[in-house]
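A.B. asks: got a sequence here, can you model it:
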Amino acid sequence: MPIVRTITPCLWFDGQAEEAARSRSVATARPRSMTTGTDDYWDKLGDGGDAAARQCGWPKDRFGLSWQVVPRSMGTLMTSTVPGAGERLMSAMLKMQKRDLAALEAAAAP
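C.D. replies: Here you go, the predicted model:
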């Protein structure tokens with residue numbers, strides 16, 4: 001698996017996005033660079049968080065913030081022109097907590 005060198009924060013708020021965007025903590029947030037693999041992101045972002053809330057590649061941290069961990073190849077898999085690949089990929093992913101890239105690649109294969 002290639003090494004991921006950056007993360008891009010994408011914050012999800014349930015009904016409080018405007019308030020959060022006005023807050024100093026969100027307004028001054030900047031992406032940080034890291035040299036680590038996808039599993040490291042999953043482990044570190046979800047450390048101390050609600051394990052039962054993890055689904056489809058979204059670990060929840062100890063502060064209740066959900067993070068989406070996306071392997072670099074997901075864009076290619078999700079835009080496959082193989083008939084039925086997208087439906088099989090989504091069906092497989094919805095059953096996962098941490099994304100299993102090998103299983104997702106198999107689901108998207110012809």
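
A.B. asks: now do whichever strand or helix holds residue 91: which elements does it pack against?
C.D. replies: Residue 91 is located in helix 85-93, with elements delineated by DSSP states H and E. Here helix 85-93 touches helix 74-78, helix 101-108, going by 3 or more Cβ pairs under 8 Å, 6 or more residues apart in numbering; DSSP states H and E. The C-beta positions use only the backbone N, C-alpha and C, and glycine is treated the same way.

A.B. asks: hey, least reliable of those helices by pLDDT?
C.D. replies: Within the helices and strands packed on helix 85-93, confidence is poorest for helix 74-78, with a mean of 87 (mean pLDDT).

A.B. asks: hmm, back to that, mind listing what's buried in the helix holding residue 91?
C.D. replies: With burial defined by 16 or more other Cβ atoms under 10 Å, the residues of helix 85-93 counted as buried are 85, 86, 88, 89, 92, 93.
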